[in-house]
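Colleague: Structure here, sequence nowhere to be found:
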């Protein structure tokens, strides 16, 4: 049978019960709209939450672990099994040996996007007679900003002052509130070696993680080395940003063997965040697909009712030469028409609502880099929503169409 004739008959049946058709299309539209909105918002939220940690975390973190010697002096004298308790770590510095050569080698690695050295300094913030625990991170300001968007987390002051103002510090927001330090004030810290040093506050840093912001602050690399009384070759950590984050586990193992250091990849360091992201995304997909299946049952019921009401029409079609396959095509065409138009409108309204959410202000002191509610406009979700709407409506129309194709016109006409 000609396809144009089948389309014409399908159109006539759709318009004959336009209210039911409209309700079915609205059901598909609503399901796709909610599917797109829910996934866009939930995945946007996942990206935002993971970004709080992952944006500030190197893909590979190279450092030196202070551990007891694997071979004790007695092992050199005895060939048997020796059991030693209370073994103390080696009396060794925390700096990376040949750090300059390591960084030069890393920068020449085609897989590496950038390298940022760091010096960690344990200190006390002196507040009158009280000493508060703190950690100063000595950083290469330019590289830290290029690789880890450092400037976005400096909520007050200019991050470049850390580089140009001698003995300056950018305090964690929580630490600044605890010691009541304003920008321009001088604060006193005590290093682990007992040295007391005055530092000038040039800004506030806020990561969004309160426990970190209460203890962590930033100084320049040169200032940190000076606090420890070490040379400019003293480096405790090397932060590596890769071009492809997924290669981090393999590259971390490779660096451990080549440079004989400890290397931790981002997946290992933040496995709990990836697990949470996967679960939240799975829940979003489950809810969205459930909505589409419910809409499919609505279309199924409407087509079933249409078949019962149009038995005479089906009998006439078959009596005038339409085969069972032609009748099946008519009702599948009806279902797919509802799915396509309902899906297109659903994608449009889903994008519209997502754009509206994206414009709603979202301001909180805990998340200084977030200005509006997070939305992810990934085209994959629109593609999945569109394909799934067609698949759902196809199966919703397939089973009623099979019933219609088996109608015996003689039985129907005789019954009349």
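Modeller: Alright, I've got the coordinates. What you see is a predicted model, and the numbers here were worked out from it, not measured in a lab.

Colleague: So for the protein, the centremost residue is which one?
Modeller: residue 47 (3.0 Å; C-alpha atoms, centre = their mean).

Colleague: Looking at the longest strand along the chain now, give me its mean pLDDT.
Modeller: Longest strand of the chain, by residue count under DSSP state E: strand 112-127. Average pLDDT, strand 112-127: 90.

Colleague: Packing partners of the following helix or strand past it?
Modeller: Sequence-wise, the next helix or strand downstream of strand 112-127 (DSSP states H and E) is strand 130-139. Judged by 3 or more C-beta pairs under 8 Å, 6 or more residues apart in numbering; DSSP states H and E, strand 130-139 is in contact with strand 112-127, helix 173-179, strand 186-191, strand 216-220, helix 221-228. Heads up, the C-betas are built off the backbone N, CA and C, glycines and all.

Colleague: in its sheet, what does the third one sit against?
Modeller: Partner strands for strand 186-191, per DSSP bridges, with pairing direction: strand 112-127 (antiparallel), strand 196-205 (antiparallel).

Colleague: which of the residues in that strand are buried?
Modeller: Within strand 186-191, the residues that count as buried by 16 or more other C-beta atoms under 10 Å are 187, 189, 191.

Colleague: check contacts around the first one.
Modeller: Pointing back at residue 187 there. Residues in contact with residue 187 (C-beta atoms under 8 Å, 6 or more residues apart in numbering) are 125-126, 169, 171, 179, 181, 198-199, 201.

Colleague: low pLDDT regions in the stretch 251-400 of the chain?
Modeller: Scanning the stretch 251-400 of the chain for pLDDT under 70 picks out 271-276, 295, 299, 303, 306-311, 364-369.

Colleague: all strands of it, in order?
Modeller: 262-265 (DSSP state E, counting those that start in this stretch).

Colleague: Would you map the helices across it?
Modeller: With DSSP state H, counting those that start in this stretch as the criterion, the stretch 251-400 of the chain has helices at 266-269, 271-309, 311-319, 324-358, 379-405.

Colleague: would you turn these into CSV with distance to residue 31?
Modeller: Formatted as CSV, the helices of the stretch 251-400 of the chain follow (distance: least, C-beta to C-beta, whole Å):
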stretch, distance to residue 31
helix 266-269, 35
helix 271-309, 4
helix 311-319, 29
helix 324-358, 7
helix 379-405, 7
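
Colleague: can you list those helices in JSON lines and add distance to residue 155 and mean neighbour count?
Modeller: Listed next are the helices of the stretch 251-400 of the chain as JSON lines, based on distance: least, C-beta to C-beta, whole Å; neighbours: other C-beta atoms under 10 Å:
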{"stretch": "helix 266-269", "distance to residue 155": "25", "mean neighbour count": "17"}
{"stretch": "helix 271-309", "distance to residue 155": "23", "mean neighbour count": "16"}
{"stretch": "helix 311-319", "distance to residue 155": "70", "mean neighbour count": "18"}
{"stretch": "helix 324-358", "distance to residue 155": "22", "mean neighbour count": "20"}
{"stretch": "helix 379-405", "distance to residue 155": "32", "mean neighbour count": "19"}
